[in-house]
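**Q** quick one, fold the following:
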Amino acid sequence: MKKYIYIIISVLLIGTIGNSIYKQMNKKSAKAARILCHKNSTVFEKLLKPNLLTKLQADIKNGNIIVTVEEEKAKYMKSRLFDFVNKNEIKDKFEKLLNIKDTVSSKDITSVNILIYENDKEDPGKKTKKSKLYAGYLVFSFKVDKTMVYKLQIDFMDHEGKDIPKILECALKSINTLKTKDNKNGK
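**A** Sure thing, here's the model as predicted:
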């Protein structure tokens with residue numbers, strides 16, 4: 001009888017450990033390669049409120065969205081990116097892509113904040129060569145009525161930001177092709 005108990009316990013223990021290993025190996029990364037433009041860069045995306053995705057996509061489609069842009073310069077090395085990149089020009093380019101209306105409804109405000117981050121290659125926390133390859137990244141924070149719905153980060157490689165217009169286009173494709181169970185076709 002004891003022999004069978006030990007066998008059962010061993011099988012359960014091995015099964016539990018095996019299941020844990022399987023789950024860890026198949027854990028989904030936030031790194032995205034969902035659409036073609038994601039494959040050209042390092043992209044991280046997260047849909048935080050799937051129930052608000054349809055409203056967010058509709059507001060984007062209708063140009064009913066407010067765009068703000070912030071910048072974060074390198075702190076340890078001499079900042080060079082912003083000699084070439086102007087946050088107001090980035091804002092204008094993204095608004096043009098979105099076909100922003102002149103008057104945005106103040107009810108249920110939908111917004112996107114874009115952070116232009118310059119990769120600080122002299123930051124002592126960056127230890128690997130890979131962390132020093134890219135020039136910076138853009139972080140897009142999409143909100144509906146102050147609730148974060150979708151967050152997206154896309155790296156850019158050009159040290160003068162010449163590839164940023166492609167990143168803006170990719171961000172728009174990313175949000176417009178997002179789907180949930182309730183929103184099977186995307187927008």
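**Q** what's the mean pLDDT across stretch 63-82?
**A** For stretch 63-82, mean pLDDT rounds to 92.
**Q** the helices in the protein, which residues?
**A** Taking DSSP state H to define them, one finds helices in the chain at 2-25, 53-61, 87-98, 164-176.
**Q** going by mean pLDDT, which of those comes out lowest?
**A** Going by mean pLDDT, the lowest-scoring of the helices of the chain is helix 2-25, which has a mean of 64.
**Q** about what we covered before: CSV for the helices of the chain, including mean neighbour count and distance to Val43?
**A** C-beta coordinates here come from the backbone N, C-alpha and C atoms, glycine included. Listed next are the helices of the chain as CSV, based on neighbours: other CB atoms under 10 Å; distance: least, CB to CB, whole Å:
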stretch, mean neighbour count, distance to Val43
helix 2-25, 9, 22
helix 53-61, 19, 18
helix 87-98, 16, 17
helix 164-176, 19, 8
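**Q** could you dump these to CSV with distance to Lys129?
**A** As requested, these are exported to CSV (distance: least, CB to CB, whole Å):
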stretch, distance to Lys129
helix 2-25, 26
helix 53-61, 37
helix 87-98, 28
helix 164-176, 22
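**Q** so what's the residue nearest the centre of the chain up against?
**A** In the chain, the C-alpha nearest the mean C-alpha coordinate belongs to Leu152, at 1.4 Å (CA atoms, centre = their mean). Listed by CB atoms under 8 Å, 6 or more residues apart in numbering, the contact set of Leu152 reads Val43, Phe44, Glu45, Lys46, Val139, Phe140, Phe142, Ala171, Ser174, Ile175.
**Q** report the beta-bridge partners for it.
**A** Applying DSSP bridges to Leu152 gives these bridge partners: Glu45, Phe140.
**Q** look up how far Leu81 lies from it.
**A** Computed as CB to CB, to the nearest Å, the Leu152 to Leu81 distance reads 20 Å.
**Q** one step back: top of the contacts of Leu152 by neighbour count?
**A** With neighbours defined as other CB atoms under 10 Å, the most crowded of the contacts of Leu152 is Phe142; it has 28 neighbours.
**Q** measure that one to Lys151 for me?
**A** Where Lys151 is concerned, Phe142 sits at a distance of 7 Å (CB to CB).
**Q** what is the burial count for the closest residue to Ala33 other than its chain neighbours?
**A** Spatial nearest neighbour of Ala33, excluding adjacent residues (CB to CB, 6 or more residues apart in numbering): Lys39 at 5.4 Å. Using other CB under 10 Å, Lys39 has 10 neighbouring residues.
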